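Undergrad: sequence isn't available, so here's the structure alone:
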């Protein structure tokens, strides 16, 4: 009665004394169950089953922290995630149970352990232990992950939404349109510009926020590329074969998503019907943009990356950032999520996240409704202005702190080309996601693709 969402099924238990009616409940709803699992990690216990073993293990970081007594801590179940379940133990640790299991080590555990024990990267939650299911002759499956708790003020997504609201309030009283200088230039040409004084007046401290996030992102990638002796993490060169496979993957995604758009145009909000038609008409132009990846060989390396990088994967501590959730996209196989890629894919993900934040507030898609409908056309140029200069601060800081790294293409043309195709790929992926899950949000990736392609009326 208290936790109806935790009920899995009604059951009947038949024994010598007759039949008893009961319910099967999700164990993670019971604090005692989560406590037992975390206690097992500290003791490195094993639980044998019919086919395999559920094995618990701990890391050196747990020993360095002085250990953990979960039974003595308060237990709080978080309900924010969809594919996992997380439980916080006091202010010391957080345990994550993976709901979608796949054979092979989960990247959240693999990358987290590398950053904790090998790279000693300070801007992530340390990995303290894990649970995995082992079956003979098969790769183990990661079941759970125990990490140190990071005190924070929420994620960077909600922090950014608040900053965007304040920005729009300041922009509304100016009764003018912002300067569009650099709008049509390439990404690298744009970051060579200096921001106009208006940026300092309206953005407040958020420009420094974006700059710091760019720095921390570069430092993360440098850490992930720091051990050439470990084949799992050692940087690998781009090859023409990889570039062709990358194009083929992007082409397939594009054709599949545009077909979805054709089939579901009736679900697209009516004000977006013209933009949807423009994108469908620009199919060949979009494919041609992806085809640029198959030109000359790119002189850069591929490394292990975050894999699903956006503002919601970053905790804001008040003065700094902590990067979390290296699991990648849970719907994809573990083997695919462990592939080495250009870290510019992470960079593109964060740039798209900035765009999502400003347009989420502008159109009230997150349910905020703080912008009056009559103010939306007035604020649209200001949204683009915000996105341009926040992206400028992030990308400029990233390239400065990653300068000389092998994963940054040596040729500016290659850097521009690679970043552009990753931005397009991310936007096309977002369009497919919104068509399937949130049709009212379709406008954000739709307009993003058209801007990247520079497709006008």
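TA: Cool, got the structure. As the structure is a computational prediction, the values presented were derived from the model and not from experiment.
Undergrad: ok, for residue 265, nearest residue in space, not its chain neighbours?
TA: residue 276 (5.9 Å; C-beta to C-beta, 6 or more residues apart in numbering). (Each C-beta comes from the backbone N, C-alpha and C, glycine too.)
Undergrad: residue contacts, the one you found?
TA: Contacts for residue 276 (C-beta atoms under 8 Å, 6 or more residues apart in numbering) come out as 261, 265, 268, 442, 446.
Undergrad: 7 Å instead, please
TA: 261, 265, 268, 446 (C-beta atoms under 7 Å, 6 or more residues apart in numbering).
Undergrad: so the first one touches residue 435, yeah?
TA: The one in question is residue 261. Yes - checked against C-beta atoms under 7 Å, the pair residue 261 and residue 435 is within contact range at 6.5 Å.
Undergrad: thinking again about what came up before, show me the contacts of residue 276 that map onto helices.
TA: Among those, the members found in helices (DSSP state H) are 261, 446.
Undergrad: a markdown table for the contacts of residue 276, including distance to residue 240?
TA: Output for the contacts of residue 276, formatted as a markdown table (distance: C-beta to C-beta, whole Å):
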| residue | distance to residue 240 |
| --- | --- |
| 261 | 31 |
| 265 | 38 |
| 268 | 38 |
| 446 | 32 |
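Undergrad: between the contacts of residue 276, which is closest to residue 410?
TA: Distance to residue 410, by C-beta to C-beta, is smallest for residue 446 among those, at 34.2 Å.
Undergrad: what's the distance between the nearest residue to that closest one once chain neighbours are set aside and residue 364?
TA: Spatial nearest neighbour of residue 446, chain neighbours left out: residue 275 (5.3 Å); criterion: C-beta to C-beta, 6+ apart. For residue 275, the distance to residue 364 equals 18 Å [C-beta to C-beta, to the nearest Å].
Undergrad: more neighbours: these two, which one.
TA: Taking neighbours as other C-beta atoms under 10 Å, residue 275 and residue 364 compare with residue 275 leading, 18 against 15.
Undergrad: and that one, helix, strand or coil?
TA: Three-state call for residue 275 (DSSP: H, G, I helix; E, B strand; the rest coil): helix.
Undergrad: for it, what are its contacts?
TA: Counting by C-beta under 7 Å, 6+ apart, residue 275 has contacts 446-447, 450.
Undergrad: put the buried members of those into a PyMOL selection.
TA: Per 16 or more other C-beta atoms under 10 Å, the buried members of those correspond to this PyMOL selection:
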select buried, resi 446+447+450
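Undergrad: tabulate the contacts of residue 275 (CSV), appending distance to residue 318 and pLDDT.
TA: Listed next are the contacts of residue 275 as CSV, based on distance: C-beta to C-beta, whole Å; pLDDT from 0 to 100:
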residue, distance to residue 318, pLDDT
446, 35, 96
447, 33, 95
450, 37, 95
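Undergrad: now, which of the contacts of residue 275 sits nearest residue 247?
TA: After measuring the contacts of residue 275 against residue 247 - C-beta to C-beta - the closest member comes out as residue 450, at 21.1 Å.
Undergrad: hang on, isn't residue 306 packed against residue 346?
TA: Yes - Residue 306 is within contact range of residue 346, at 4.9 Å (criterion: C-beta under 7 Å).
Undergrad: low pLDDT regions in the stretch 101-250 of the chain?
TA: Residues of the stretch 101-250 of the chain meeting the criterion pLDDT under 70: 180-185.
Undergrad: rerun at 80
TA: For the stretch 101-250 of the chain, the stretches flagged by pLDDT under 80 are 175-176, 179-187.
Undergrad: where along it do the helices fall?
TA: Here the stretch 101-250 of the chain has its helices, by DSSP state H, counting those that start in this stretch, at 107-113, 156-172, 187-191, 197-203, 206-224, 240-263.
Undergrad: run through who's touching the second one.
TA: Residues external to helix 156-172 that are found in contact with it (C-beta under 7 Å, 6+ apart): 202-204, 206, 213, 311-312, 314, 316, 321, 357-358, 360-361, 366, 370-371, 375, 379, 382, 386.
Undergrad: before we move on, the earlier item: and the contacts of residue 275, which is closest to residue 218?
TA: residue 447 (28.2 Å).
Undergrad: what's the nearest residue to that closest one if we skip its chain neighbours?
TA: Residue 447 sits nearest to residue 275 (C-beta to C-beta, 6+ apart), 6.6 Å away.
Undergrad: again, but for residue 346
TA: residue 309 (4.0 Å).
Undergrad: do residue 432 as well
TA: Counting by C-beta to C-beta, 6+ apart, the residue nearest residue 432 is residue 257, at 4.1 Å.
Undergrad: so what's the residue count around the one you found?
TA: 23.
Undergrad: same thing with residue 427?
TA: Counted with other C-beta under 10 Å, residues neighbouring residue 427 total 24.
Undergrad: and it, what helix or strand is that in?
TA: In the assignment (DSSP states H and E), residue 427 maps to helix 412-437.
Undergrad: and that helix, what's its mean pLDDT?
TA: Mean pLDDT, computed over helix 412-437, is 95.
Undergrad: check stretch 46-53 too.
TA: Mean predicted confidence for stretch 46-53 is 96.
Undergrad: re earlier: contacting residues for the residue nearest to residue 432?
TA: Each residue near residue 257 by C-beta under 7 Å, 6+ apart is listed here: 428, 431-432.
Undergrad: which neighbouring elements make contact with the helix or strand containing residue 57?
TA: Residue 57 is located in strand 53-58, with elements delineated by DSSP H and E. Judged by 3 or more C-beta pairs under 7 Å, 6 or more residues apart in numbering; DSSP states H and E, the packing partners of strand 53-58 are helix 31-43, strand 46-48, strand 127-134.
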